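1. pasting the structure only:
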Ligand SMILES: Cc1cc2nc3c(=O)[nH]c(=O)nc-3n(C[C@H](O)[C@H](O)[C@H](O)COP(=O)(O)O)c2cc1C
C-alpha cells in the first residue's frame with residue numbers, strides 16, 4: 001500500500017515529500033549517523049563540479065534576520081573524488097540520491113554528468129544553474145532562458161537518468177526560465193536557490209562576508225519562494241520541488257498548495273538535522289485531522305478568484 005506521504009515527481013517516486021537541499025546535507029553520507037536518511041524522501045548533494053573548487057575566501061557565512069547569508073562559492077571535491085569515494089557508499093543509503101551539478105561552462109556540465117553515469121546508486125541529477133555566488137557562469141545560465149534550454153538539452157542527451165533544473169529567484173519572472181528548462185527536457189524543476197543579499201557591520205563599515213553580497217536563505221525568503229513556485233506552477237506541466245525558508249509542517253503544506261509536488265529543506269537542517277522525521281509525523285497528523293487521504297492531493301489546490309492571477313506589487 002502506498003504511504004500517505006508518497007509523491008511522484010514524473011518517473012521518480014519518493015516515500016516522503018521532504019528532500020534535503022543542496023549545500024545543507026553535505027555529500028549525503030555525513031548525516032547517516034546523526035539522522036536516519038529513511039525519513040527523507042531523498043537528498044541533494046553539495047553541488048559537484050569538474051575539478052575541485054576551493055570556494056570563496058572567508059568569512060563566507062553570516063546569520064542575519066532569522067536567516068543566513070552565504071558565499072561558500074560552491075566549494076567541493078570535484079567529480080573524480082566524488083565518483084571514487086562518495087558514490088560507492090550510496091547504494092547502502094535507503095533514500096533517493098540526487099547529485100547536484102554546478103559548472104562554469106556548458107561542456108563541463110556534460111562532462112560531469114557523463115562521468116557520474118558510471119556510478120551506481122544515483123537516482124537523478126539536479127542542475128544548479130542558479131547559484132548567485134560564482135562570478136563566472138552560475139547566475140548567467142538560468143537568467144537566460146535560451147541558455148537554460150540549451151544546457152538542459154545537452155545534459156538530457158548524456159543521460160537517461162531523471163533531471164531536475166534548479167532555478168534562480170533573482171529574476172523578475174521565473175516563468176520563461178521554467179518553460180525553457182521544460183522544453184530542454186527537464187523531468188522536474190526546483191526552486192528557489194538563494195536570494196541575493198547583503199549584510200554590513202555598521203561599526204567597522206565592513207561587509208559581513210568577504211564577497212560583499214551573497215545568497216540569503218531561511219525563513220525570511222519564504223514569501224518570495226512561494227510566489228516563484230506559484231509563477232512556475234502556472235507556466236509548466238512538469239512537477240515542481242519548492243524550497244525557501246521551510247521550517248514547519250505547515251510551510252510544507254503551503255508550498256504544496258501553491259503547486260509544489262515535493263519540497264526541499266536547507267537552512268533549517270543546520271539547526272535541526274532530525275527535522276524531516278518530525279515533519280513527516282506532523283504531516284501525517286495533519287492529514288488525519290483534515291481527513292485527507294494522500295498529501296499529494298494538496299498540489300496546486302490554491303483557491304484563487306482568478307485561476308492564474310499573479311499579483312503586481314503596489
Ligand atoms: C550554506 C549553504 C550552501 C548552499 N550550497 C548550495 C549548493 O552547493 N548548491 C545549490 O544548488 N544550492 C545551495 N544552497 C541553496 C539551498 O539548496 C537552497 O536553495 C536555499 O538555501 C533555500 O532554501 P532554505 O531557505 O531552506 O535554505 C546552499 C545554501 C546554503 C545556506
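-> Received, thanks. Bear in mind that the values here come from a model prediction, so they are computed numbers and not experimental data. Residues are numbered from 1 along each chain as shown.
2. Not counting its neighbours along the chain, what's nearest residue 29?
-> Counting by C-beta to C-beta, 6 or more residues apart in numbering, residue 89 is the residue found nearest to residue 29 once chain neighbours are left out, at 4.9 Å. C-beta coordinates here come from the backbone N, C-alpha and C atoms, glycine included.
3. Surely that neighbour and residue 31 touch.
-> No. Under the criterion of C-beta atoms under 8 Å, residue 89 makes no contact with residue 31, lying 12.0 Å away.
4. So for the two, which sits in the more crowded spot?
-> residue 31 (20 against 14; other C-beta atoms under 10 Å).
5. Wait, the more buried one touches residue 274, no?
-> No. The pair residue 31 and residue 274 does not pass the contact test of C-beta under 8 Å, sitting 9.6 Å apart.
6. measure residue 197 to the ligand for me?
-> Here the distance between residue 197 and the ligand works out to 11 Å (C-beta to the nearest ligand atom, to the nearest Å).
7. can you confirm that residue is in a helix?
-> No. Under the criterion used here (DSSP: H, G, I helix; E, B strand; the rest coil), residue 197 is strand, not part of a helix.
8. What residues are bridge-paired with it?
-> For residue 197, the beta-bridge assignment (DSSP bridges) gives partners residue 214.
9. Count the neighbours of it for me.
-> 22.
10. Close to the ligand: what parts of the protein are there?
-> 21-24, 46-47, 68, 70, 72, 74, 100, 128, 131, 166, 193-194, 217-218, 221, 243-246, 265-268 (C-beta under 6 Å from any ligand atom).
11. Quick check: buried residues in the helix or strand containing residue 99?
-> Take DSSP states H and E as the rule and residue 99 turns out to sit in strand 96-101. For strand 96-101, the neighbour count (16 or more other C-beta atoms under 10 Å) marks 96-101 as buried.
12. again with stretch 57-77
-> 60, 62, 64, 67-74, 76-77.
13. Now for residue 175: which residues touch it?
-> Taking C-beta atoms under 8 Å, 6 or more residues apart in numbering, we find residue 175 in contact with 231-232, 234-235.
14. Now tabulate those in JSON lines and tack on pLDDT.
-> As requested, the contacts of residue 175 are exported to JSON lines (pLDDT from 0 to 100):
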{"residue": "231", "pLDDT": "97"}
{"residue": "232", "pLDDT": "98"}
{"residue": "234", "pLDDT": "98"}
{"residue": "235", "pLDDT": "98"}
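15. Out of the residues you listed, who's the most crowded?
-> residue 232 (28 neighbours).
16. on that earlier part again, show me which of the contacts of residue 175 is closest to the ligand.
-> When the contacts of residue 175 are ranked by distance to the ligand (C-beta to the nearest ligand atom), residue 232 comes first, at 14.0 Å.
17. quick one, helices of the stretch 201-314 of the chain?
-> Taking DSSP state H, counting those that start in this stretch as the criterion, the stretch 201-314 of the chain carries its helices at 222-233, 249-257, 267-271, 275-290.
18. Any chance of a markdown table for those helices, columns distance to residue 82?
-> Conversion of the helices of the stretch 201-314 of the chain to a markdown table gives the following (distance: least, C-beta to C-beta, whole Å):
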| stretch | distance to residue 82 |
| --- | --- |
| helix 222-233 | 28 |
| helix 249-257 | 29 |
| helix 267-271 | 20 |
| helix 275-290 | 23 |
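19. nearest to residue 16, of the ones you listed?
-> helix 275-290 (5.4 Å; C-beta to C-beta).
20. so what secondary structure elements neighbour the closest one?
-> Here helix 275-290 touches strand 18-20, helix 249-257, strand 262-265, going by 3 or more C-beta pairs under 8 Å, 6 or more residues apart in numbering; DSSP states H and E.
21. list the buried ones in stretch 292-304?
-> 292, 295-296, 298-299, 302.
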